[in-house]
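Novice: Sequence first, then the predicted structure, then my questions.
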Amino acid sequence: MGADGRQAEPGIFSEKLMQLLDRVEYRRVETGEDMEDIARLRYKAYKAVNLMELTGSTLIDDLDFDSHAYVFGIYLDESLVSTVRVHHVTPDHRASTSGIIFGPEIDTFLDAGMVLIDPGRLAVDPEVLGDEMRALPYLTLRPVAMACEYFTADRCLTACRPRHAAFYKRIFASETVVACRENLGVYNADGALLVARVRGQRPSILDRYPIFDSEPFERRMMFADRNEVPFAPLTILPTARIAQGGYRRASSRFSASG
């Protein structure tokens, strides 16, 4: 949003996101020390918006250690600024953040044999200001887009406050499954459930938000079993610029051949 209140041109904003991504590193959280950092960030972020009662069992829970869960820290200029937990949800493995609240609705997709990606526990440092704060939700959701590609997902879920639904509809063309559910227990907020049809959406999303692009080796570093990548680096550098170079060349060849 510009100073005069108007939305910035999509291409300009996308380039600003890409420039900020050049200063970002991703870390898959697998150690107790890193998890403590994630807990502190969740505490700071959730306290700022009074999202939940802040205790040890709510800041770090069993789902953080689920075999199909991937917790990421997003580092800007080597400082932890946000985090997200990504669940790979299948008919045989149904554990997820959204499933605690919207279990019956999510089971409908799983009973149909679908593979789902469910992001949860998204937290952004409230002390980050200006353009960087505006960009952080996009940078934080990047592993979610990568997970959809890596796991060949059918749908991507979003459980959020109803007032945030418009953001996900704009970015991912998400559709409403539950418009508003009250009294969510651990959360001091109402909740909505959205779902995005992943397959077929990728080209249009990358046209508008190229930072969501990635190379296969980056996705392996993010999600592969550590037995497959035993020497994975501590931090993972984004490959969106590299991937976009190949994507644009492929698009140009396709256009020329058409």
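Specialist: All right, it came through fine.

Novice: tell me the SS of the residue nearest the centre of the chain?
Specialist: The structure's the chain has its C-alpha centroid closest to Leu141; by CA atoms, centre = their mean the separation is 2.8 Å. Look at Leu141: counting by DSSP: H, G, I helix; E, B strand; the rest coil, its state is helix.

Novice: Identify each buried residue in stretch 157-176, please.
Specialist: With burial defined by 16 or more other CB atoms under 10 Å, the residues of stretch 157-176 counted as buried are Leu157, Thr158, Ala159, Cys160, Pro162, Ala165, Phe167, Tyr168, Ile171, Phe172, Ser174. Where C-beta positions appear, they are placed from N, C-alpha and C, glycine not excepted.

Novice: circling back to that earlier point, now for the residue nearest to the centre of the chain: which residues touch it?
Specialist: Contact partners of Leu141, counting by CB atoms under 8 Å, 6 or more residues apart in numbering, are Val84, Pro119, Leu122, Ile171, Phe212.

Novice: make it 6 Å
Specialist: The contact partners of Leu141, taken as CB atoms under 6 Å, 6 or more residues apart in numbering, number zero.

Novice: Ok, Gly99 next?
Specialist: With contacts defined as CB under 6 Å, 6+ apart, Gly99 is in contact with Ile106.

Novice: And Arg220, by the same measure?
Specialist: For Arg220, the set of contacting residues under the criterion of CB under 6 Å, 6+ apart consists of Val229.

Novice: got the CA coordinates for the host helix or strand of it in CSV?
Specialist: Applying DSSP states H and E as the criterion places Arg220 in helix 216-223. Extracted as CSV, the C-alpha positions of helix 216-223 are listed here (Å, rounded to 0.1, in the frame of the first residue of the first chain):
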residue,chain,number,x,y,z
PRO,A,216,13.9,-28.9,-6.9
PHE,A,217,17.1,-29.1,-4.8
GLU,A,218,15.8,-26.4,-2.5
ARG,A,219,12.6,-28.2,-2.0
ARG,A,220,14.5,-31.4,-1.1
MET,A,221,16.5,-29.4,1.5
MET,A,222,13.3,-28.2,3.0
PHE,A,223,11.2,-31.4,3.1
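
Novice: and the gap between the residue nearest to Arg181 when sequence neighbours are not counted and Gly103?
Specialist: Spatial nearest neighbour of Arg181, chain neighbours left out: Gly191 (5.1 Å); criterion: CB to CB, 6 or more residues apart in numbering. Relative to Gly103, Gly191 is positioned 13 Å away (CB to CB, to the nearest Å).

Novice: now do Ser174
Specialist: Ser174 sits 19 Å away from Gly103, taking CB to CB as the criterion.

Novice: Neighbour count for Gly191 and Gly103, which is higher?
Specialist: The neighbour count for Gly191 versus Gly103, taken as other CB atoms under 10 Å, is higher for Gly191 (18 against 12).

Novice: how about Leu193, what does it touch?
Specialist: Phe102, Glu105, Ala159, Val177, Val178.

Novice: Report the beta-bridge partner residues of it.
Specialist: Here Leu193 sits in beta bridges with Ala159, Val178, as judged by DSSP bridges.

Novice: Just the element for the spatially closest residue to Arg27 that is not a sequence neighbour, please.
Specialist: In this structure, Arg27 finds its nearest non-sequential neighbour in Gly73, 4.5 Å apart by CB to CB, 6+ apart. Element membership for Gly73, per DSSP H and E: strand 69-76.

Novice: before we move on, the earlier item: narrow the buried residues of stretch 157-176 to those in helices?
Specialist: Ala165, Phe167, Tyr168, Ile171, Phe172 (DSSP state H).

Novice: got those as TSV, with distance to Ile242 columns?
Specialist: Compiled in TSV, those are given as follows (distance: CB to CB, whole Å):
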residue	distance to Ile242
Ala165	33
Phe167	27
Tyr168	27
Ile171	22
Phe172	23
